[in-house]
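> generate coordinates for the sequence data below:
(one chain, ligands or ions: 1)
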Amino acid sequence: MKTAVIGTGYVGLIQAVGLAHLGFKVIAYDIDISKINALKRGNPPIYEKGLKELLHQNRERLFFTTSVEDLKDSEVIFVCVGTPQDSQGKANLNFVFSAVENLKPLLMGKEIVVLKSTVPVGTNRKVQQLLGDKAFVVSNPEFLREGIAVEDFFNPERVVLGFSENHPEWVREKMFNLYRFFLKKNIPFVVTNWESAELIKYASNTFLAMKISFINELARLSEKVGADIKEIARGMGLDSRIGNKFLNAGIGWGGSCFPKDVSALIWQFKEWGIEPKLPKVTKEINDEQIPWFLNKIKKHYGGNLNGKTFALLGLAFKPYTDDLRESPSLKLAELLIQEGAFVKGYDYVEGTRENVKKLVELKASTRHSYGLIVYDDLNTAVKGVDGIIIAVEYKEWNRENWKEFSKLVRNKAIFDGRNILERILVKKLVKEGWHYEGVGVNI
Ligand SMILES: NC(=O)c1ccc[n+]([C@@H]2O[C@H](COP(=O)([O-])OP(=O)(O)OC[C@H]3O[C@@H](n4cnc5c(N)ncnc54)[C@H](O)[C@@H]3O)[C@@H](O)[C@H]2O)c1
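Okay, here's the model as predicted:
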């Protein structure tokens, strides 16, 4: 079966490489020439663990192109372009519709166009209307997690497929045949209509964001009353009805999906005349979280951060990704800089450091100066600072040489924005004279 992917970003590239690994011939198309050129040379433009190896392994089944005509004769075409938020917070569907418009003249009436992009309810129906009888539109929202995207491709927790009641049976059969690898693995399939499939995606992301916002709000109370949010989360999470995932208090959620998807769901409620209560509060709590944490830091320095230097550990929105979109760490950096502080950034992923360096260069070209420097070496980042701020939940921070850090820093203070340092280590560090502050924890 000849397949195609439109958009070679985090979702499209993983889909292309994953399908090729399952034995399908895949044509991957993008309008970004630099991305396609890099891919032709065997260099993924994004960092995901195992991606480069998989790309090399399956090169003979992968074709990268910037010309849409090459998609002709593909039987199943996955639309994986971005759906960022517009200035109001709604999902911007320009990329989706532009991709579909470009594809339309090539279609012969037997193709399946699969929307993998996260799109608001009603979009699959609109795309079908636009394509008329030239193709069959299927909704197949993506749930991969950046950082472990390759692993997630081969081991999804579910596959969601949304069909129209008017689709002929062979459309379903072809999709099941394409995804037989997952069926054989007994991965649950949710086969439903377009609207449910679209909402499953938004509901899942918003629900996860809500869990985080809940624990973050509770962390503020926990801190005040002398409770410990880590213990509370453990006590809650052992209840299988609640579960322990996404209950870690911290500086809040970010990334390329949660912020825009929560926002887009808020709009979908509004557009259908329903007041979006939980999604709205979920967002509000998250918007407050970084300023709340910054205040804690400020308090430690008597309310004034002017001239202070901080090591900022972790720069993307989560570990092992180079995706900087809506990174809470970078938002915190921006606020620290506004307060007159100087920030020395470090992340374990080289691609992340490189992306932040480019961003800093860009900012420095539009402003007189920008107070963030990224270091390739952790010790250099920590040297001479007034405090260490942990902004991304790498477990590896626990194994670092804190004895050495003691000698390097100017002032022994840790602000653990992810509560990631283990209790035993924290107790030891406090004994050795470090000031430690987490989110809602009491040491
Ligand atoms: N990133 C994630 O973790 C993730 C997870 C699940 C779902 N999603 C959803 O998947 C979609 C894609 O997300 P992403 O993170 O991969 O985006 P991305 O920005 O990384 O990639 C999108 C790609 O589409 C290309 N593109 C844009 N318009 C095009 C066009 N007309 N023709 C061809 N290519 C075009 C861009 O050049 C870019 O390379 C979004 O709707 C997102 O919400 C993302």
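> could you say which helix or strand contains the closest residue in space to Gly417 that isn't next to it in sequence?
Leaving aside its sequence neighbours, Gly417 sits nearest to Ile251 (CB to CB, 6 or more residues apart in numbering; 4.0 Å). C-beta here means a position set from N, CA and C on the backbone, and glycine is covered the same way. Following DSSP states H and E, there is no helix or strand that holds Ile251.
> burial measure for Ile251, as a count.
Neighbours of Ile251 under the rule other CB atoms under 10 Å: 26.
> could you identify the helix or strand that succeeds the helix or strand in which Pro279 is found?
Applying DSSP H and E as the criterion places Pro279 in helix 277-300. Downstream of helix 277-300, the first helix or strand assigned by DSSP H and E is strand 309-313.
> which helices and strands sit right next to that following strand?
helix 328-338, strand 342-346, helix 378-382, strand 387-390 (3 or more CB pairs under 8 Å, 6 or more residues apart in numbering; DSSP states H and E).
> ok, then the element right after the last one?
So the one you mean is strand 387-390. helix 402-408.
> who does whichever helix or strand comes after that following helix pair up with?
As assigned by DSSP H and E, the chain's next helix or strand after helix 402-408 is strand 413-416. In the sheet, strand 413-416 lines up against strand 387-390 (parallel), strand 435-437 (parallel) (DSSP bridges).
> with respect to Lys283, which of those lies nearest?
strand 387-390 (23.6 Å; CB to CB).
> what is the neighbour count of the closest residue to the ligand within the chain?
Across the chain, no residue is closer to the ligand than Gly9, which sits at 1.8 Å (CB to the nearest ligand atom). Gly9 has 18 neighbouring residues, counting by other CB under 10 Å.
> list the contacts of it.
Counting by CB atoms under 8 Å, 6 or more residues apart in numbering, Gly9 touches 30, 46, 80-82.
> list the buried residues in stretch 196-211.
197-202, 204-206, 208-211 (16 or more other CB atoms under 10 Å).
> who does the one helix or strand Ile14 maps to touch, helix- and strand-wise?
Using DSSP H and E, Ile14 sits within helix 10-21. Under the contact definition 3+ CB pairs under 8 Å, 6+ apart, helix 10-21 sits against strand 2-6, strand 25-29, helix 51-57, strand 62-65, helix 149-154.
> can you rerun that using 6 Å?
Counting contacts by 3 or more CB pairs under 6 Å, 6 or more residues apart in numbering; DSSP states H and E, helix 10-21 is packed against strand 2-6, strand 25-29, helix 51-57, helix 149-154.
> and the first one, what's buried?
By neighbour count with 16+ other CB under 10 Å, strand 2-6 contains the buried residues 3-6.
> kindly report the same for the last one.
Applying a neighbour-count criterion of 16+ other CB under 10 Å, one finds 149-150, 152-153 buried in helix 149-154.
> the ligand contacts on this protein?
6-12, 29-32, 35, 80-83, 95, 98-99, 117-118, 142, 144, 146, 256-257 (CB under 6 Å from any ligand atom).
> PyMOL command for the buried members of those residues?
Buried members of these can be picked out in PyMOL with the line below, counting by 16+ other CB under 10 Å:
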select buried, resi 6+7+8+9+10+11+12+29+30+31+35+80+81+82+83+95+99+117+118+142+144+146+256+257
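> what residues go with each domain of the protein?
2-187, 204-437 (automatic domain parsing).
> can you list these in a markdown table and add mean pLDDT?
As requested, the domains of the chain are exported to a markdown table (pLDDT from 0 to 100):
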| stretch | mean pLDDT |
| --- | --- |
| domain 2-187 | 98 |
| domain 204-437 | 96 |
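> for those domains, give me TSV that also has distance to Ile443.
Output for the domains of the chain, formatted as TSV (distance: least, CB to CB, whole Å):
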stretch	distance to Ile443
domain 2-187	29
domain 204-437	6
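> what separation do you get for the nearest residue to Pro141 once chain neighbours are set aside and Gly440?
Nearest residue to Pro141 in three dimensions, chain neighbours excluded: Lys201, at 3.6 Å (CB to CB, 6+ apart). Per CB to CB, to the nearest Å, Lys201 is found 30 Å from Gly440.
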